[in-house]
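>>> What follows is a predicted protein model with its sequence.
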Amino acid sequence: MDGTTQEQTEPSASVTSDRLTPKIALTLACLVVLGAGIAILQVDASIKESNTARETTRVAVQAMRANVVATTVAGLEPQLEAERDFLPFRRPFGTGTATLAAAAGLSPATAVEQIPDLGVDQLRRRLAFDAERLSLKQRAMATTRVTWNDRSTQYTTVIAVLAVALFLVGFGLVVEGSIRRSAYALGVGIGLFAAGWAAWFYFLPIPSTPDPAIEGTARGTVLTETANYAAAITAFDRALDADDGYAPAYVGRSRARLLAANPDYPTTRAVTDASGRAVDAAVEDSQRALELDDRVLVAHVLLALTSFYAGAYDDSVAAADDAIELNARVPDLWLLRSAGQLARGDAEDATASLERALVLLRDTVPSQQTRLLASTYLSYLAWIERHDEAAARDAARLRDRLVALETRFTLDRDALPIRAPATGSATVQQLRFTDGKLELELTWRDLPEGTALSVLGYERQRRDGAWSQPAQLALFADVSGRGRRAISLPLDRACAPVDVRVDLYLDGARVDTQTGPGAPAPSC
């Protein structure tokens with residue numbers, strides 16, 4: 001009885017094995033074909049990555065060249081315009097002392113009007129547009145190139161997984177019994193998984209930004225830089241019509257909307273609209289940009305800035321932290337973080353953030369950029385003094401400390417006593433804003449040799465608003481004895497200041513503060 005059962009079982013296992021062999025062979029063939037197809041896709045992705053890399057490099061070189069040319073022309077523009085204005089007064093060759101204007105029978109003023117425009121401004125804008133367009137195109141192509149590189153790597157990974165499936169199916173040819181069926185089943189399962197994985201990779205989109213989106217964003221950026229904010233917003237709208245997933249266009253429109261609501265901010269750091277509809281729309285654009293790409297530094301900065309001026313200081317610090325995670329070597333970010341920390345009551349942390357910004361500036365030289373950073377932080381502190389009584393004292397302390405540091409930095413002093421000289425005095429008189437000019441008279445007398453004089457001007461566009469400290473309204477000088485200086489400085493403002501203020505420091509210590517009248521009524 002037992003012998004009969006054994007004889008029947010052995011032939012049955014052999015028959016099952018023989019039936020599985022053709023399936024294994026067919027499966028192996030399918031896996032090989034599948035592997036060859038994925039290998040073709042991998043090679044195609046690799047070739048496209050290489051081609052895109054070369055094109056990206058070519059566009060990057062063009063963008064670099066365009067930026068250099070645009071910067072050079074921008075630097076030459078004032079000289080060329082000055083040369084044009086001087087032409088009527090220049091002697092032509094061979095005419096003795098006669099001027100061009102006299103030779104033409106024209107007055108100098110009329111001659112200037114009749115000399116054709118050199119077209120430098122138009123050329124500069126066109127070059128700026130080309131530079132921005134090429135830079136945006138290079139970044140878009142770099143994203144495409146990285147995606148093709150990732151796709152090639154993904155296909156290589158699938159091929160490796162498929163090799164495991166081939167091994168397991170092939171292993172079924174050299175074993176018998178239940179292990180054969182298990183190896184075959186597992187190999188088929190892994191092969192199906194690899195096929196599905198490759199198909200998923202194949203249908204993933206490759207990012208490609210259409211030219212109208214790039215050109216619209218470039219045009220909007222240039223228009224923003226020339227303070228044509230309405231036209232800039234329209235250009236960004238067109239860019240987003242071409243590609244509603246283009247993060248740079250959202251960032252650009254956010255910035256344009258914010259500046260349209262606060263037109264003097266680039267030059268004075270004055271905020272006249274901190275929570276209106278335009279600002280809300282700017283915030284939405286920045287948030288949308290971060291949804292598309294959370295590594296857009298400018299979007300984090302815009303959120304930090306709008307949150308600060310809206311009084312959401314925790315949100316401002318959080319957004320500044322996100323920006324610092326992307327680039328911790330930008331002093332502007334640490335200054336904005338310091339302001340947010342101070343406003344929410346963290347004076348110690350605010351001081352530490354200020355120190356970090358100063359460390360980043362330690363090896364630089366006095367420049368327009370460092371002056372702009374100082375004026376920006378002083379404007380933050382003025383906002384805090386106006387809107388947060390609890391933090392006002394710490395804000396005033398950091399303000400006076402920063403002025404002393406900037407005085408040392410600008411005058412190349414190793415140290416300042418931070419106290420007024422034992423003898424002498426300095427005062428500000430006749431301070432006012434009239435006919436588009438800031439006017440004041442600065443006098444000093446009996447000051448010791450090498451006294452450090454610092455004059456910081458402030459303005460505000462609403463009498464109930466905060467002061468702002470424009471970068472151009474600062475004077476640092478070594479003075480002594482007796483002196484007088486009359487200052488008349490044109491202020492080109494979209495919103496005329498209703499009040500002006502001057503803080504006067506001697507050797508880093510504040511000795512005088514004067515406030516003067518501005519425009520009779522707010523213009524914004």
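Received, thanks.
>>> need the contact list for the spatially most central residue of the chain.
Nearest residue to the geometric centre of the chain (Cα atoms, centre = their mean): residue 298, 3.8 Å. Residues near residue 298 by Cβ atoms under 8 Å, 6 or more residues apart in numbering: 251, 255. Glycine gets a C-beta too; all of them are placed from N, C-alpha and C.
>>> Likewise for residue 458?
So residue 458 contacts 382, 467-469, 473, 500-503 (Cβ under 8 Å, 6+ apart).
>>> now with 10 Å?
268, 270, 375, 378-379, 382, 466-470, 473, 497, 499-503, 513, 515 (Cβ atoms under 10 Å, 6 or more residues apart in numbering).
>>> Can you tell me which of those are classed as buried?
Buried by 16 or more other Cβ atoms under 10 Å: 268, 270, 375, 378-379, 382, 466-470, 473, 497, 499-503, out of the contacts of residue 458.
>>> Phi first, then psi, for residue 218.
Here is the backbone geometry of residue 218 (degrees, to the nearest 10): phi -60, psi -40.
>>> likewise residue 426?
Main-chain dihedrals, residue 426, degrees, to the nearest 10: phi -150, psi 140.
>>> Show me what it is bridged to.
residue 444 (DSSP bridges).
>>> Could you list which of the buried ones among the contacts of residue 458 belong to helices?
Counting by DSSP state H, the part of these found in helices is 268, 375, 378-379, 382.
>>> got the residues you listed as JSON lines, with distance to residue 21 columns?
Compiled in JSON lines, those are given as follows (distance: Cβ to Cβ, whole Å):
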{"residue": "268", "distance to residue 21": "85"}
{"residue": "375", "distance to residue 21": "83"}
{"residue": "378", "distance to residue 21": "85"}
{"residue": "379", "distance to residue 21": "82"}
{"residue": "382", "distance to residue 21": "86"}
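>>> ok, those residues vs residue 432, which is closest?
Closest to residue 432 out of those is residue 268 (17.3 Å), distances taken as Cβ to Cβ.
>>> unless I'm mixing things up, residue 380 is touching residue 308, no?
Yes. Using Cβ atoms under 10 Å, residue 380 is in contact with residue 308, at 7.3 Å.
>>> Next, show the common contact partners of those two.
Contacts common to residue 380 and residue 308, judged by Cβ under 10 Å, 6+ apart, are 336, 339-340, 343.
>>> And the furthest pair within these?
Using Cβ to Cβ, the pair of those lying farthest apart is 336 and 343, separated by 10.8 Å.
>>> Find residues that contact each of these two.
Listed as contacting both residue 336 and residue 343 by Cβ under 10 Å, 6+ apart are 308, 316-317, 380.
>>> and the two most separated of these?
Spanning the widest gap among these are 317 and 380, at 12.6 Å by Cβ to Cβ.
>>> where do the contact lists of the two overlap?
308, 336, 338-340, 343.
>>> Would you mind measuring from residue 52 to residue 143?
Using Cβ to Cβ, to the nearest Å, one gets 10 Å for the distance from residue 52 to residue 143.
>>> and the end-to-end length of stretch 266-274?
15 Å (Cα to Cα, to the nearest Å).
>>> low pLDDT regions in this protein?
1-18, 73-120 (pLDDT under 70).
>>> and if we set it to 80?
By pLDDT under 80, the weakly predicted segments of the chain are 1-19, 69-124, 522-524.
>>> gap between the closest residue to residue 329 other than its chain neighbours and residue 146?
Counting by Cβ to Cβ, 6 or more residues apart in numbering, residue 329 lies nearest to residue 360, which is 6.2 Å off, once chain neighbours are set aside. As judged by Cβ to Cβ, residue 360 and residue 146 stand 29 Å apart.
>>> tell me the contacts of residue 210?
Contacts of residue 210 by Cβ under 10 Å, 6+ apart are 140, 216, 239, 242-243, 246.
>>> Need these in TSV (columns: neighbour count).
Formatted as TSV, those follow (neighbours: other Cβ atoms under 10 Å):
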residue	neighbour count
140	23
216	26
239	29
242	17
243	20
246	25
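>>> now, which of the residues you listed sits nearest residue 191?
Nearest to residue 191 out of the contacts of residue 210 is residue 140 (Cβ to Cβ; 37.3 Å).
>>> in a strand, that's where the closest one is, yeah?
No. In this structure, residue 140 is helix, not part of a strand, as judged by DSSP: H, G, I helix; E, B strand; the rest coil.
>>> surely it meets residue 206?
No. With contact defined as Cβ under 10 Å, residue 140 does not reach residue 206; the gap is 11.8 Å.
>>> pretty sure residue 509 contacts residue 422?
No. Residue 509 is beyond contact range of residue 422, at 11.7 Å (criterion: Cβ under 10 Å).
>>> of those two, who's got more company?
residue 509 (18 against 6; other Cβ atoms under 10 Å).
>>> dump the residue contacts of that one.
Counting by Cβ under 10 Å, 6+ apart, residue 509 touches 400, 403-404, 416-421, 452, 454.
>>> Selection in ChimeraX covering whichever of the residues you listed are buried, please.
Typed into ChimeraX, the next command selects the buried ones out of these (criterion: 16+ other Cβ under 10 Å):
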select :400,403,404,416,420,421,452,454
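>>> Let me see the backbone angles for the residue nearest to residue 171 when sequence neighbours are not counted.
Using Cβ to Cβ, 6+ apart and skipping the chain neighbours, the partner closest in space to residue 171 is residue 183 (4.7 Å). Main-chain torsions, residue 183, degrees, to the nearest 10: phi -60, psi -40.
>>> Let me see the contact set for residue 314.
For residue 314, the contact set (Cβ under 10 Å, 6+ apart) comprises 307, 340-341, 343-344.
>>> now residue 380
269, 305, 308-309, 335-336, 338-340, 342-343, 395, 398-399, 466, 468-469.
>>> Show me where the stretch 401-524 of the chain has its strands.
425-434, 437-460, 474-490, 499-506, 509-517 (DSSP state E, counting those that start in this stretch).
>>> For the closest residue to residue 319 other than its chain neighbours, which three-state class applies?
Leaving aside its sequence neighbours, residue 319 sits nearest to residue 304 (Cβ to Cβ, 6+ apart; 3.7 Å). Look at residue 304: counting by three-state DSSP, its state is helix.
>>> Please verify my assumption that residue 304 contacts residue 338.
No. Counting by Cβ under 10 Å, residue 304 stays clear of residue 338, with 11.5 Å between them.
>>> contacting residues for residue 130?
Residues counted as contacts of residue 130 (Cβ under 10 Å, 6+ apart) are 62-63, 65-67, 69-70, 218, 222.
>>> can you redo those residues as TSV with neighbour count and secondary structure?
Formatted as TSV, the contacts of residue 130 follow (neighbours: other Cβ atoms under 10 Å; DSSP: H, G, I helix; E, B strand; the rest coil):
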residue	neighbour count	secondary structure
62	17	helix
63	20	helix
65	13	helix
66	19	helix
67	17	helix
69	16	helix
70	21	helix
218	25	helix
222	24	helix
